[in-house]
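1. Provide a 3D model corresponding to the input given below.
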Amino acid sequence: MAETDVLIIGSGAAGLTAALNLADRFRVTVLAKGRLDEGSTAWAQGGIAAVLEPGDTFENHVEDTMVAGAGLNDRDVVEFVVERAPAAIERLAELGVPFNAAENGGNGWHLTREGGHSHRRIVHVDDATGWAVQVALIRAAEAHPNITLVPDMVAVDLATSRHELRYSGAGNVWGVYAFNRATGKVELYTARATILATGGAGRTYLFSTAPRGATGDGIAMAWRAGARVSNMEFMQFHPTCLYNLEVKNFLITEAVRGEGGRLVNPQTGKRFMPYYDADRMELAPRDVVARAIDAEIKRFGLDYVHLDISHRGADFVKAHFPTIHAKLLGLGIDMTTGPIPVVPAQHYTCGGVVVDRDGRTDLPGLYAAGEVSQSGLHGANRLASNSLLECFVYGEAAAAHIAAQWDDLPHPPSIRPWDESRVTDSDEEVVIKQNWTEIRRFMWNYVGIVRTTKRLERAAHRIKMMQEEVADYYGHFRVTPDLIELRNLLQSAELIVKSALHRKESRGLHYTLDYPKTVEPPQDTILIP
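-> Okay, here's the model as predicted:
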């Protein structure tokens with residue numbers, strides 16, 4: 001057993017921001033599922049949204065966020081996050097994030113524009129912002145004597161009051177049981193406060209831009225521990241993921257469209273966004289663009305559509321998108337002379353564990369920040385480049401609340417160690433692989449960009465059957481990373497489907513043919529364990 005002051009599960013933007021804000025006063029342990037840089041943060045190409053352009057205002061950014069979120073956002077939360085954005089950018093620059101400077105020797109940083117934004121307000125590091133942020137945060141965390149970074153720890157379940165040697169019934173979270181990949185054993189980590197920063201549940205879908213580890217672990221663990229989960233039906237599909245049978249999840253950033261990229265039907269050779277959203281065209285919010293591409297693919301029997309920015313010229317394209325240009329060249333595609341084949345793919349989990357303005361969940365001692373949470377910022381659809389921003393603001397908010405309440409946070413009592421005395425090693429790994437593949441396939445087919453009640457009910461039926469099988473398997477065999485992830489994927493899938501069946505309207509990312517209209521007033525879907 002290892003005891004620390006504050007335990008953080010997840011080593012991305014939210015987790016490391018919280019760690020750096022706590023470490024001057026407290027001992028902080030950060031658990032990463034794989035390598036420290038393997039989470040979603042490192043994959044974020046686009047950038048971070050903040051009001052920095054002359055003529056832009058906080059009110060404009062708030063309004064753009066509310067419009068994209070189809071009115072389901074909590075306006076107070078949106079204002080809270082937007083107003084803290086410029087300061088968050090300054091702190092990242094101080095940590096050494098090399099944001100692109102303004103062109104032509106202008107003051108400040110280069111700002112790009114993305115879908116749904118009324119102004120240029122995206123600060124970025126070429127087309128690999130997340131990686132630059134991740135590197136800077138890890139470097140700062142490694143340099144801090146009070147931060148312990150532990151890679152290759154797969155969280156199994158939260159340690160709660162029911163794991164106390166003397167049951168208190170208080171419902172506190174005291175830390176986590178985590179599988180150590182190096183030893184093959186489950187270890188107990190305890191703390192006075194625990195922060196979930198585990199990312200989203202993108203890997204419940206067959207096509208996703210999320211990293212391999214985005215299996216909804218934090219959402220599933222919090223739900224099993226008794227926390228409410230909200231708005232899980234709102235799964236964002238990024239409109240433009242590279243269509244390539246070898247490379248499954250390479251994202252073509254929104255900024256390609258922001259800088260003039262056009263969507264073209266490869267069969268007709270025509271630009272098709274004028275038929276779907278003539279005013280905003282390629283810069284419409286992601287749900288609109290993803291549905292347009294999905295409709296075009298289905299109507300013409302296509303495998304993909306084209307995204308073409310070659311008209312901007314080779315020098316412009318290489319300067320703005322060096323990472324994407326180099327990656328595509330390696331696959332035989334030259335985006336400076338021709339189009340990129342793209343398809344929509346699951347990209348972001350807008351719902352998650354319910355948190356308040358301080359990042360607190362329903363459970364004493366448990367906080368959450370970033371994609372694992374539902375703070376009220378994103379509503380029914382996330383505005384581009386608001387996601388990293390949420391990580392910084394809520395990582396800081398959770399840290400501030402823990403520091404302010406420290407004297408009132410109880411010390412962890414004695415917690416039972418992990419017990420595997422009644423289980424054996426599995427001899428049937430094929431069961432895990434089969435179920436993993438099946439979940440991702442039926443979620444893509446039945447709970448995708450366009451839904452129907454019948455499809456959702458089919459998915460619910462499959463989930464119910466698989467849950468019995470996985471529960472039986474979990475009860476008889478020692479845990480492995482694959483089994484832990486399968487259990488969490490299945491739990492996340494159930495929460496998504498249950499939420500989708502509950503919403504009898506189409507709003508934002510949830511589009512159902514059975515209820516095409518939007519119902520007022522907007523209401524969150526809140527699931528209670």
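2. endpoint to endpoint, stretch 61-79 covers what distance?
-> 9 Å (CA to CA, to the nearest Å).
3. my bad, stretch 364-378
-> 25 Å.
4. starting at the chain centroid, how far to that stretch?
-> 11 Å (CA atoms, centre = their mean, to the nearest Å).
5. that stretch - what's its average pLDDT?
-> Taken as a whole, stretch 364-378 has a mean pLDDT of 98.
6. then stretch 94-101?
-> The pLDDT scores in stretch 94-101 average 94.
7. with just CA atoms, put that stretch into CSV.
-> The C-alpha atoms that make up stretch 94-101 are tabulated as CSV, following Å, rounded to 0.1, in the frame of the first residue of the first chain:
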residue,chain,number,x,y,z
GLU,A,94,5.6,30.6,-18.7
LEU,A,95,6.0,26.8,-18.5
GLY,A,96,7.7,26.9,-21.9
VAL,A,97,4.9,26.0,-24.4
PRO,A,98,6.2,27.5,-27.6
PHE,A,99,3.0,29.0,-29.0
ASN,A,100,3.2,30.2,-32.7
ALA,A,101,4.0,33.9,-32.8
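8. run through who's touching it.
-> Under the criterion CB atoms under 8 Å, 6 or more residues apart in numbering, residues 89, 92-93, 108-110, 123-126, 132-133, 136-137, 139-140 lie in contact with stretch 94-101. In this view, the C-beta of every residue, glycine as well, is placed from N, C-alpha and C.
9. out of these, who's nearest residue 225?
-> Lowest distance from residue 225 to the contacts of stretch 94-101 (CB to CB) belongs to residue 137, with 27.2 Å.
10. nearest to residue 154 among the contacts of stretch 94-101?
-> Residue 154 has its nearest neighbour among the contacts of stretch 94-101 in residue 137, at 21.3 Å by CB to CB.
11. measure the closest one to residue 131 for me?
-> Remark: distance between residue 137 and residue 131 (CB to CB, to the nearest Å) = 11 Å.
12. where along the stretch 301-450 of the chain do the strands fall?
-> Assigned by DSSP state E, counting those that start in this stretch, the stretch 301-450 of the chain shows strands spanning 305-308, 340-349, 352-354, 366-368, 373-374.
13. for the ones you listed, which one sits closest to residue 25?
-> strand 366-368 (16.0 Å).
14. touching the closest one from outside, list them.
-> 18, 158, 173, 193-197, 218, 222, 225, 227, 352-353, 355, 358-361, 398, 401-402.
15. and the strands of the stretch 301-450 of the chain, which one averages the lowest pLDDT?
-> strand 340-349 (a mean of 94).
16. after the helix or strand harbouring residue 92, next one along is what?
-> Assigned by DSSP states H and E, residue 92 falls within helix 85-94. Sequence-wise, the next helix or strand downstream of helix 85-94 (DSSP H and E) is strand 111-112.
17. check which helices and strands that next one is in contact with.
-> Counting contacts by 3 or more CB pairs under 8 Å, 6 or more residues apart in numbering; DSSP states H and E, strand 111-112 is packed against strand 122-123.
18. would you mind checking the contacts of stretch 94-101 for buried ones?
-> 89, 92, 109-110, 123-126, 132-133, 136-137, 140 (16 or more other CB atoms under 10 Å).
19. quick one: which two of those residues are the most distant?
-> The farthest-apart pair in the buried ones among the contacts of stretch 94-101, when distances are taken by CB to CB, is 110 and 140, at 23.8 Å.
20. let me see the ranges of the helices in the stretch 51-200 of the chain.
-> Along the stretch 51-200 of the chain, counting by DSSP state H, counting those that start in this stretch, helices occupy 58-68, 75-83, 85-94, 129-143.
21. neighbours around residue 245, how many?
-> For residue 245, the count of nearby residues is 6 (other CB atoms under 10 Å).
22. and it, how far from residue 203?
-> For residue 245 relative to residue 203 (CB to CB), the value is 19 Å.
23. ok, residue 441 next?
-> Counting by CB to CB - residue 441 and residue 203 are separated by 12 Å.
24. could I get the buried ones among the contacts of stretch 94-101 as JSON lines with distance to residue 117?
-> Below are the buried ones among the contacts of stretch 94-101 laid out as JSON lines (distance: CB to CB, whole Å):
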{"residue": "89", "distance to residue 117": "15"}
{"residue": "92", "distance to residue 117": "19"}
{"residue": "109", "distance to residue 117": "15"}
{"residue": "110", "distance to residue 117": "15"}
{"residue": "123", "distance to residue 117": "12"}
{"residue": "124", "distance to residue 117": "13"}
{"residue": "125", "distance to residue 117": "18"}
{"residue": "126", "distance to residue 117": "19"}
{"residue": "132", "distance to residue 117": "21"}
{"residue": "133", "distance to residue 117": "19"}
{"residue": "136", "distance to residue 117": "24"}
{"residue": "137", "distance to residue 117": "25"}
{"residue": "140", "distance to residue 117": "29"}
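25. nearest to residue 178 among the residues you listed?
-> residue 137 (21.0 Å).
26. that closest one and residue 21 touch, don't they?
-> No - the criterion here is CB atoms under 8 Å, and residue 137 misses it with residue 21 at 11.4 Å.
27. which residues of the stretch 301-450 of the chain score low on pLDDT?
-> For the stretch 301-450 of the chain, no stretch is flagged by pLDDT under 70.
28. ok, back up a step: of residue 441 and residue 203, which one has the most company?
-> Just comparing residue 441 and residue 203: by other CB under 10 Å the higher neighbour count belongs to residue 203, 25 against 13.
29. the residue nearest to residue 45 when sequence neighbours are not counted and residue 346, how far apart?
-> Of all residues not flanking residue 45 in the chain, residue 253 sits nearest, at 3.9 Å (CB to CB, 6 or more residues apart in numbering). Applying CB to CB, the value for residue 253 to residue 346 is 16 Å.
30. now residue 56
-> For residue 56, the distance to residue 346 - CB to CB - is 31 Å.
31. more neighbours, these two?
-> Each of residue 56 and residue 346 has its neighbours counted (other CB under 10 Å); residue 346 has more, 30 against 18.
32. pretty sure that one sits against residue 216.
-> No - contact criterion CB under 8 Å: residue 346 and residue 216 do not qualify, at 11.7 Å.
33. residues shared between the contacts of these two?
-> residue 204.
34. thinking again about what came up before, could the strands of the stretch 301-450 of the chain go into a markdown table alongside distance to residue 464?
-> Formatted as a markdown table, the strands of the stretch 301-450 of the chain follow (distance: least, CB to CB, whole Å):
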| stretch | distance to residue 464 |
| --- | --- |
| strand 305-308 | 36 |
| strand 340-349 | 22 |
| strand 352-354 | 23 |
| strand 366-368 | 27 |
| strand 373-374 | 24 |
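35. residues contacting residue 265?
-> Contacts of residue 265 (CB under 8 Å, 6+ apart): 272, 296, 300, 302, 305-306.
36. what sits closest to residue 149 if chain neighbours are left out?
-> Using CB to CB, 6+ apart, the nearest residue to residue 149 is residue 30, at 5.1 Å.
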